[in-house]
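S.K.: Generate a structure from the sequence data that follows.
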Amino acid sequence: MDMPAVKMMRDSAKPLDGRVAIVTGSTSGIGLGIARAFAAAGADVVLNGIADQRVIDELCSECAGLGKRAVYDGANLMEGDACAGLVNNTVQRFGRLDILVNNAGIQHVSPIEDFPVEKWNAIIALNLSAAFHTIRTAMPVMKQAGFGRIINVASAHALVASPFKSAYVSAKHAILGLTKTVALEAARDGITCNAICPGYVWTPLVEKQIDDTAKARGITRDEVINNVLLAAQPSKRFATVEELGDLALFLSSPGATSITGTAISMDGGWTAQ
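M.R.: Down below sits the predicted model:
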């Protein structure tokens, strides 16, 4: 087999070889699924999120085993300076930053008249402002390199609303506006910016929510899944973190070069209604 053919096979097997990616909120759930996909595709990965040291060490070892290097940065994304530090530390350590995934987020459910102000501030800070701070810091680095992939993990709630989630829905609608604005500003710089909008995704947090809801309402797990959590999803199935990882990987690939400023739904038909 000639060398060009060998190189083509290698590149297709590791499409992110040589790339460096930050994935926030990546110690569990969707973020971890994306980090694993990037690592398996050959990227150096910077993990960020809340976990004890044993879990962090295991995840870094796992991702490094899938690909190349994997490190953890414990930046507190509730603070703008720490968000900027996450980006700057990554560039200092690896010499570049190619992919930025803003995934970290929190939720609180309450009628608006009872919604705690501190919960509103926290949700806006982590779900929205953190993405602003990481993007504004990453943009000069990506522009200088002539390449960048920014992926904001939004939600079906970036497109539609639900009651009692005023802060979350507001933040997710705003993250879509931020996505579009950044896409326009970077359109000629080799940088794309897109939002992924999942519905309910099967994660350990959702699994726990099923059991808690079943107990609280006195109904079965199946009733919680079909009549509560997946009531708005016509497919009646959860997306998986692996599916989210595959989508993020595609958006980071050469095949997605002309995809920018979009909201890509992965919600089983929720927002098609």
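S.K.: For the stretch 151-273 of the chain, which segments count as helices?
M.R.: Ranges of helices in the stretch 151-273 of the chain, per DSSP state H, counting those that start in this stretch, are 166-185, 204-217, 221-224, 241-251.
S.K.: what's the spacing between the nearest residue to Asp246 once chain neighbours are set aside and Lys180?
M.R.: Excluding the flanking residues, the one nearest Asp246 by C-beta to C-beta, 6 or more residues apart in numbering is Ala37, at 6.3 Å. Where C-beta positions appear, they are placed from N, C-alpha and C, glycine not excepted. Distance, Ala37 to Lys180, using C-beta to C-beta, to the nearest Å: 25 Å.
S.K.: quick one, which of these two is more surrounded?
M.R.: Neighbours per residue (other C-beta atoms under 10 Å) separate Ala37 from Lys180, with Ala37 holding more: 27 against 17.
S.K.: what helix or strand does the more buried one sit in?
M.R.: Element membership for Ala37, per DSSP states H and E: helix 29-40.
S.K.: how distant is that helix from the center of its chain?
M.R.: Relative to the chain's own centre, helix 29-40 is displaced by 9 Å; criterion: C-alpha atoms, centre = their mean, to the nearest Å.
S.K.: Could you check the angle that helix makes with helix 241-251?
M.R.: Angle of helix 29-40 versus helix 241-251, following axes from the mean of the first three to the mean of the last three C-alpha atoms, to 10 degrees, is 50 degrees.
S.K.: Could you chop this structure up by domain?
M.R.: Using automatic domain parsing, the domain parsing of the chain gives 3-200+240-263, 202-237.
S.K.: Now do the longest one, average pLDDT.
M.R.: Right, the one you point to is domain 3-200+240-263. Average pLDDT, domain 3-200+240-263: 95.
S.K.: Most tightly packed of the domains of the chain?
M.R.: domain 3-200+240-263 (a mean of 19; mean count of other C-beta atoms under 10 Å).
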